[in-house]
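Novice: need coordinates for the following:
(one chain, ligands or ions: 1)
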Amino acid sequence: MKEKYDVIIIGSGAGGGTLAEYLSRFISEKKISILLIEGGALWKREKFNQTEKDMSKLYFNRGAIFSKEMNIGVAAAKAVGGSTVVYTGVSFRPPVDVMKKWREKFGLSFLTDEFVNSRLTEMEKMINVHEIPPEYDNDNNRLFREGCEKLGIEVKRLRINIRDCKGQGFCNLGCTEGAKQGTHVVQIPSAISRGVDLIYNSYVDYIDRDTVYFHVNPPPPWTEPNTLPEGEHKVKGEVIVIAGGALNTPAILLRSKKHLEIKNKNIGKYLTLHPVYNLNGIYPEKIKNYRGHPKSFYVDQFSYTEGYYLETSFYFPGVTAKNNPGFGRMHEEIMKKYHNMMSILILSHDPAETHNRIEIDKNGNPLIRYRVNDNVKVSLTKAVIRAGQIFFAAGCEKMLLPGSNKNPLTREDMENLEKYILPSSFDFAKYPLSSAHPQGGARMGNDSAISVASPEGSVWGTDNIFVADASLFPTSVKVNPYETVMLLARYIGEQIIKKI
Ligand SMILES: Cc1cc2nc3c(=O)[nH]c(=O)nc-3n(C[C@H](O)[C@H](O)[C@H](O)COP(=O)(O)OP(=O)(O)OC[C@H]3O[C@@H](n4cnc5c(N)ncnc54)[C@H](O)[C@@H]3O)c2cc1C
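Specialist: So this is what the prediction gives:
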């Protein structure tokens with residue numbers, strides 16, 4: 001590590017990794033130096049053993065950071081590659097109407113159809129985004145399609161970014177084949193080959209206008225050794241970009257506020273979480289869902305009318321146990337049916353509200369404050385009923401619904417799902433929601449009264465401190481977000497290159 005760099009990027013996930021790759025294209029031409037600082041460890045893919053107990057080490061807080069209200073647990077990874085190490089690789093371009101809203105309401109005029117499509121076409125080629133071929137469909141995907149077709153629901157094939165996938169099945173535990181084209185596989189190796197310096201286990205405490213203050217932790221077991229001594233360090237940067245993700249970028253900014261001499265009251269606010277319920281039905285025979293790709297299909301037909309997407313999914317035993325209702329013997333009996341479980345993921349659209357936010361606790365760590373919006377409860381109710389109909393249409397004999405006041409529900413209950421599943425029957429303290437798509441908290445916009453970063457990505461009140469990750473989203477993007485994160489990071493990169 002040098003004493004000073006032209007650009008320092010904090011965080012190496014979808015945002016930071018993409019930015020590092022883009023800026024590295026200009027290293028020779030502009031004679032610039034770039035440092036990528038990652039708080040998590042550097043893992044070699046041979047160490048990803050597909051075991052839940054071991055691989056939860058890839059995540060902050062071993063899998064989920066819970067809101068203070070205990071109503072939702074949010075997953076985010078800490079590793080070189082960020083959450084792209086554990087994501088499923090489901091690839092959506094941002095919806096046209098969301099881009100229109102961001103242009104018109106938040107002044108992000110650069111998000112034209114031409115900009116979005118040209119930059120994403122280039123990036124999708126680099127990371128091999130394509131429609132998932134039918135040979136990866138496991139039984140769960142097949143049953144979801146069959147159930148939807150029986151009900152006349154339109155099912156669409158997902159696009160994913162894999163190359164030479166061997167169908168290990170549990171993408172969220174790290175890909176042993178390196179098939180998933182996350183930033184740790186594609187962008188970061190390219191950036192390093194062009195001269196970007198990478199340091200890891202290097203957790204940023206705070207920044208001021210020209211210096212990043214961080215400490216180096218010991219490498220966790222099975223990960224690569226450090227290149228810097230453990231303990232406190234600092235490094236100077238002409239331009240400093242924060243890309244710690246929607247949980248950590250607001251926390252870094254809150255820890256740095258006084259050193260940056262900024263007063264912005266919006267830091268951490270307007271957090272959206274894309275709340276998820278993962279539901280399970282019990283199929284009469286054993287089915288094989290733990291090989292192939294966990295996700296082949298989605299339904300967007302109810303996005304505008306009822307406020308959610310449905311996607312296929314299948315999770316490892318611990319997460320499945322958490323997602324199923326019941327305790328003690330009842331729960332044990334349910335989990336014995338793991339090999340018969342069919343699974344559906346509900347992703348509901350939550351509004352950007354000022355009270356949903358990131359604060360910091362007394363140690364400076366991110367603290368999530370989240371209230372489930374009443375409209376989201378109504379959406380969840382409709383989505384759970386819809387998922388129930390799909391389970392039964394696919395041939396399941398029982399289903400387990402966290403929002404139901406009767407469990408399990410059987411075929412005889414099919415006509416009465418509305419009776420059992422009501423907005424008031426959701427007990428989020430008992431059956432918390434999940435999230436893997438935190439967004440906002442350092443939102444981008446042309447009005448500093450309701451945003452944290454300007455439309456060029458610099459933090460209001462500074463001209464050399466930028467944000468380049470999911471925290472920039474002014475509202476929920478309503479689809480799986482990594483392509484939109486990459487898109488914004490690319491735009492920020494173009495602005496930085498114009499400046500230096
Ligand atoms: C299990 C799971 C599955 C997902 N599946 C999909 C999917 O299929 N499709 C999709 O579109 N999206 C998916 N996502 C979401 C997607 O991965 C994220 O939206 C995206 O990676 C966010 O990018 P980011 O740059 O904002 O943050 P991240 O990718 O999370 O990167 C942030 C990085 O910053 C580092 N960092 C944080 N604080 C500090 C600090 N103080 N100092 C130094 N470094 C720090 C973190 O360690 C991390 O590496 C999934 C996420 C998860 C967790």
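Novice: what residue ranges in the stretch 51-200 of the chain score low on pLDDT?
Specialist: Nowhere does the stretch 51-200 of the chain drop to pLDDT under 70.
Novice: what's Lys236 in contact with, if anything?
Specialist: By CB atoms under 8 Å, 6 or more residues apart in numbering, Lys236 lies in contact with 3-5, 210-212. For every residue, glycine as well, the C-beta is placed using N, CA and C.
Novice: 7 Å instead, please
Specialist: Neighbouring residues of Lys236 by CB atoms under 7 Å, 6 or more residues apart in numbering: 3-4, 210-211.
Novice: ok, Arg119 next?
Specialist: Contacts for Arg119 (CB under 7 Å, 6+ apart) come out as 487, 490.
Novice: quick one on the thing from earlier: wait, which of the contacts of Lys236 is closest to the ligand?
Specialist: Among the contacts of Lys236, Thr211 lies closest to the ligand (CB to the nearest ligand atom), at 14.2 Å.
Novice: hmm, back to that, want to try a markdown table for the contacts of Lys236, with neighbour count as columns?
Specialist: Below are the contacts of Lys236 laid out as a markdown table (neighbours: other CB atoms under 10 Å):
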| residue | neighbour count |
| --- | --- |
| Glu3 | 7 |
| Lys4 | 13 |
| Asp210 | 15 |
| Thr211 | 15 |
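Novice: from those, which two are the most distant?
Specialist: The largest separation in the contacts of Lys236, counting by CB to CB, is between Glu3 and Asp210 at 11.7 Å.
Novice: about what we covered before: distance to the ligand, pLDDT and secondary structure for the contacts of Lys236 - can I get that in JSON lines?
Specialist: Shown next, in JSON lines, are the contacts of Lys236 (distance: CB to the nearest ligand atom, whole Å; pLDDT from 0 to 100; DSSP: H, G, I helix; E, B strand; the rest coil):
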{"residue": "Glu3", "distance to the ligand": "19", "pLDDT": "97", "secondary structure": "coil"}
{"residue": "Lys4", "distance to the ligand": "19", "pLDDT": "98", "secondary structure": "strand"}
{"residue": "Asp210", "distance to the ligand": "17", "pLDDT": "98", "secondary structure": "coil"}
{"residue": "Thr211", "distance to the ligand": "14", "pLDDT": "98", "secondary structure": "strand"}
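Novice: leaving out sequence neighbours, find the closest residue to the residue most central in space within the chain.
Specialist: The centroid of the chain falls nearest to His437 when counting by CA atoms, centre = their mean (3.5 Å). Distances taken as CB to CB, 6 or more residues apart in numbering put His274 closest to His437, at 3.8 Å, once the chain neighbours are dropped.
Novice: so the one you found, which of the three states?
Specialist: Here His274 is recorded as coil under DSSP: H, G, I helix; E, B strand; the rest coil.
Novice: neighbours around Pro229, how many?
Specialist: Per other CB atoms under 10 Å, the neighbour tally for Pro229 reads 8.
Novice: what sits against it?
Specialist: Listed by CB under 7 Å, 6+ apart, the contact set of Pro229 reads Val216.
Novice: one step back: which residues are in contact with the residue nearest to His437?
Specialist: By CB under 7 Å, 6+ apart, the residues touching His274 are 347, 350, 435, 437, 439, 476.
Novice: now do Arg103
Specialist: Contacts for Arg103 (CB under 7 Å, 6+ apart) come out as 109, 111.
Novice: any idea which helix or strand comes after the one helix or strand it maps to?
Specialist: Assessed by DSSP states H and E, Arg103 sits inside helix 96-106. Per DSSP H and E, the first helix or strand lying C-terminal to helix 96-106 is helix 113-126.
Novice: flag every buried residue along that following helix.
Specialist: 115-116, 119-120, 123-124 (16 or more other CB atoms under 10 Å).
Novice: what would these look like in CSV with distance to Phe66?
Specialist: Formatted as CSV, those follow (distance: CB to CB, whole Å):
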residue, distance to Phe66
Phe115, 37
Val116, 34
Arg119, 35
Leu120, 33
Met123, 33
Glu124, 34
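Novice: what is the burial count for the residue of the chain found nearest the ligand?
Specialist: Nearest residue of the chain to the ligand, counting by CB to the nearest ligand atom: Gly13, 2.0 Å away. Neighbour count of Gly13, defined by other CB under 10 Å: 34.
Novice: contacts only, for it.
Specialist: 81-84, 183, 243, 245, 469.
Novice: what does the stretch 401-500 of the chain have sitting close to the ligand?
Specialist: Neighbours of the ligand within the stretch 401-500 of the chain, by CB under 6 Å from any ligand atom: 436-437, 469-470, 480-482, 485.
Novice: 5 Å - rerun?
Specialist: The stretch 401-500 of the chain has residues 436, 469-470, 480-482, 485 near the ligand, with proximity defined as CB under 5 Å from any ligand atom.
Novice: can you pull the contacts of the residue nearest to Thr249 when sequence neighbours are not counted?
Specialist: Spatial nearest neighbour of Thr249, chain neighbours left out: Ser471 (4.2 Å); criterion: CB to CB, 6+ apart. Contact analysis of Ser471 by CB under 7 Å, 6+ apart lists 245-246, 249-250, 440-442.
Novice: quick one: Ser471 and Ile252, what's the gap?
Specialist: Using CB to CB, to the nearest Å, Ser471 is found at 10 Å from Ile252.
Novice: for the chain, what lies in contact range of the ligand?
Specialist: So far as CB under 5 Å from any ligand atom goes, the chain lies against the ligand at 11, 13-15, 39-40, 75-76, 78, 82-83, 86-88, 90, 172, 203-204, 244-245, 248, 436, 469-470, 480-482, 485.
Novice: and the nearest residue to Pro275 once chain neighbours are set aside, what are its phi and psi?
Specialist: Nearest non-adjacent residue to Pro275, counting by CB to CB, 6+ apart: Leu433, 4.2 Å away. The phi/psi pair for Leu433 (degrees, to the nearest 10) reads phi -70, psi 170.
Novice: thinking Val477 is in contact with Val98, fair?
Specialist: Yes: assessed by CB atoms under 7 Å, Val477 is found in contact with Val98 at 5.5 Å.
Novice: out of those two, which sits in the busier spot?
Specialist: The neighbour comparison of Val477 against Val98 (other CB under 10 Å) goes to Val477, with 26 against 19.
Novice: list the residues that contact the residue nearest to Pro275.
Specialist: Each residue near Leu433 by CB under 7 Å, 6+ apart is listed here: 71-72, 275-277.
Novice: who wins on neighbours among those residues?
Specialist: Greatest neighbour count in the contacts of Leu433, by other CB under 10 Å, goes to Pro275: 28 neighbours.
Novice: next up, the contacts around that one.
Specialist: Going by CB under 7 Å, 6+ apart, Pro275 touches 72, 348, 350, 372, 376, 433, 435.
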